[in-house]
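Asker: Pasted the sequence and its predicted model underneath.
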Amino acid sequence: MKFFFPDSQDFVDESFDFVSETRSDLRVRQRDDRYPHELFHEAPYDGVLVSKAVVDGLGGGTGKYSGAQRNRFMRVGVREYFRLGNKNLETMGDCGAFTYVREERPPYTAAEVADFYAECGFDYGLSVDHVILAYKAAYDQHVDGLDAVPEDWKARQEMTFELAEQFLSYSKRMKYRFTPIGVAQGWSPQSYALSVKKLQELGYRYIAFGGFVPLKTPDILTCLQAASVVRKPETHFHLLGITRCENVQAFGDFGVMSFDSTSALRKAFKDDKNNYYTLHGTYSAIRVPQVDANPELLRRIVAGQVSQEKARALEQECLATLGKYDSGEATLDNTLDILRSYELVFNGSVDRSDAYRRVLEDRPWSECPCEICRRLGIHVIIFRGAERNRRRGFHNLFVFNQQLQGHIEQRHLCVS
């Protein structure tokens, strides 16, 4: 089973100095910064997924490309842009349906998207789809059948079928070399099964499921089970935005061959407590926010509730003490006391002392074999700025890939 990592311009600056927190004046972000597959001896994923909407800057997301980046991407193509070189990594393109989910129709034609995939050299390309923003399995048993389903849901599914047909027909006519992937949209198990059936009738043998992200695992498995009933033996499934590698065996049994997700990376700085992955569980990262960049702290300083000078002193003392703790020059209790003193300044309503004691006692970064932890030491567990936070996310990708490979190996043993 293959794992594709969705691009959101997640790279890091190798010139960044974690002690002085400075970087090279000569650094050019796109040229000099490094992707996860450039920092690890073996890439922690099987391929990258790129959305046309992100490249085009549609939707205003944080990962959108600048004009210069887009021009370069279109000029050199996906493999050179991501510096994939001889790496055994595949590339998958999609249209970025969530960026235009509130629109009445997708902003792209099937031909525009197919041309984008072909011109940029993608290995796989997803048809244009329109996300259905709801799930209600009960409609499968409703006495009024399809008449009970909201018209907008049915219209979006039908629009997705029409665009999938145009996409496949155009790609074949132009003799494009990428593998076309049809996108199934639905609102219930049987509506997803209908999507798979129709896409297969059109000629698709690789089908991606959209709209699964907000669903609970039992609902996803129920939809896959319904779809597997109509799946042809040669048809494979892809899960858009879904991780849940503990379900690899069940997914594989229903025909899933690949999936994509940014969850492991995002949890490094989006989750409240599960920021650092290990094979045996997760840890909270240690918050040492930058005085000049933390909105709540800045608000309190401006309001006169906190002394800026005191906050800066505590911030620097936390960083220095954590470094000393890592080298054995500071005690655990002293380190925790200093962290708590600063926490009372920037967020007095929360006490993370127990979580910090656990991670400092266990020192998981010192046992991790990944390149990130070996280079950064304790800095990988410090929640502070993109350079540390993204690297912790890269570490999470490394651990997630290990977990995934373990589940895949276990599945193979069960099958054999």
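Answerer: In hand now; what should we look at? The shown structure was predicted, so the numbers you read here are calculated from the model rather than taken from an experiment.
Asker: and the residue nearest to residue 90 when sequence neighbours are not counted, how far is that from residue 148?
Answerer: When the adjacent residues along the chain are set aside, residue 90 lies closest to residue 47, with 3.6 Å between them (CB to CB, 6 or more residues apart in numbering). Every residue, glycine included, has its C-beta placed from N, CA and C. Residue 47 sits 40 Å away from residue 148, going by CB to CB, to the nearest Å.
Asker: out of the two, which sits in the busier spot?
Answerer: Legend: neighbour count by other CB atoms under 10 Å for residue 47 and residue 148, higher for residue 47 (22 against 11).
Asker: Show the contacting residues for residue 246.
Answerer: With contacts taken as CB atoms under 8 Å, 6 or more residues apart in numbering, residue 246 has the following neighbours: residue 407.
Asker: Please shift the residue numbers so they start at 31 in all later answers.
Answerer: I'll keep to 31 as the first residue from here, and by that count the last item is residue 276.
Asker: What are the phi and psi values at it?
Answerer: With angles defined as degrees, to the nearest 10, residue 276 sits at phi -70, psi -10.
Asker: just residue 433 next, same as before
Answerer: Phi and psi for residue 433, reported as degrees, to the nearest 10, are phi -60, psi -40.
Asker: What of residue 306?
Answerer: As for residue 306, its main-chain torsions (degrees, to the nearest 10) stand at phi -130, psi 120.
Asker: How about residues contacting stretch 386-398?
Answerer: Contacts of stretch 386-398 with the rest of the structure, by CB under 8 Å, 6+ apart, involve 306, 308, 313-316, 355, 362, 365-366, 369, 403-404, 406-408, 410-411, 425, 429.
Asker: Any quick PyMOL command for the buried ones out of those?
Answerer: Buried members of the contacts of stretch 386-398, identified by 16 or more other CB atoms under 10 Å, are gathered into one PyMOL selection as follows:
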select buried, resi 306+308+313+314+315+316+355+365+366+369+403+406+407+408+410+411+425+429
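Asker: In helices, which of the contacts of stretch 386-398 fall?
Answerer: 355, 362, 365, 366, 369, 403, 404, 406, 425, 429 (DSSP state H).
Asker: The fourth one against residue 382, yeah?
Answerer: No: at 9.8 Å, residue 366 does not count as touching residue 382 under the criterion of CB atoms under 8 Å.
Asker: residue boundaries of the strands in the stretch 181-330 of the chain?
Answerer: Along the stretch 181-330 of the chain, the stretches classed as strands by DSSP state E, counting those that start in this stretch are 209-214, 236-239, 266-269, 286-290, 306-308, 311-313, 316-317.
Asker: List the neighbouring strands of the first one plus their orientation.
Answerer: Strand partners for strand 209-214, identified by DSSP bridges, are recorded as strand 154-156 (parallel), strand 236-239 (parallel).
Asker: Kindly calculate the angle that that strand makes with strand 286-290.
Answerer: Orientation check (axes from the mean of the first three to the mean of the last three CA atoms, to 10 degrees): strand 209-214 against strand 286-290 gives 90 degrees.
Asker: Now do strand 209-214, average pLDDT.
Answerer: Averaged across strand 209-214, pLDDT comes to 98.
Asker: Alpha carbons only: can I get that strand in CSV?
Answerer: Provided in CSV are the C-alpha atoms of strand 209-214 (Å, rounded to 0.1, in the frame of the first residue of the first chain):
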residue,chain,number,x,y,z
THR,A,209,-2.6,7.1,-15.2
PRO,A,210,-6.1,8.6,-14.8
ILE,A,211,-7.9,8.2,-11.5
GLY,A,212,-11.6,8.7,-11.2
VAL,A,213,-13.0,10.4,-8.1
ALA,A,214,-16.0,8.9,-6.3
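Asker: what stretches of the protein score poorly on pLDDT?
Answerer: Per-residue confidence of the chain (counting by pLDDT under 70) places the weak regions at 89-93, 441-446.
Asker: per the record, what domains does it have?
Answerer: The record's domain split for the chain, according to automatic domain parsing, is 76-291, 299-429.
Asker: can you redo those domains as TSV with distance to residue 51?
Answerer: Conversion of the domains of the chain to TSV gives the following (distance: least, CB to CB, whole Å):
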stretch	distance to residue 51
domain 76-291	22
domain 299-429	8
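Asker: between those, which gets nearest to residue 440?
Answerer: Nearest of the domains of the chain to residue 440, taken as CB to CB: domain 76-291 at 7.1 Å.
Asker: sorry, back to before: for residue 84, which of the strands of the stretch 181-330 of the chain is the nearest?
Answerer: Proximity of the strands of the stretch 181-330 of the chain to residue 84 was assessed by CB to CB; the nearest stretch is strand 286-290, lying at 13.2 Å.
Asker: Which positions within the helix or strand containing residue 351 qualify as buried?
Answerer: Under the criterion DSSP states H and E, the helix or strand holding residue 351 is helix 338-356. Of the residues in helix 338-356, those scored as buried under the neighbour-count criterion (16+ other CB under 10 Å) are 341, 344, 345, 348, 349, 351, 352, 353, 355, 356.
Asker: Could you report the distance from the third one to residue 372?
Answerer: Per CB to CB, residue 345 is found 6 Å from residue 372.
Asker: Quick check: neighbours shared by the two?
Answerer: Counting by CB under 8 Å, 6+ apart, the contacts common to residue 345 and residue 372 are residue 318.
Asker: that older thread, of the strands of the stretch 181-330 of the chain, which approaches residue 36 most closely?
Answerer: Residue 36 lies closest to strand 286-290 among the strands of the stretch 181-330 of the chain, at 5.3 Å (CB to CB).
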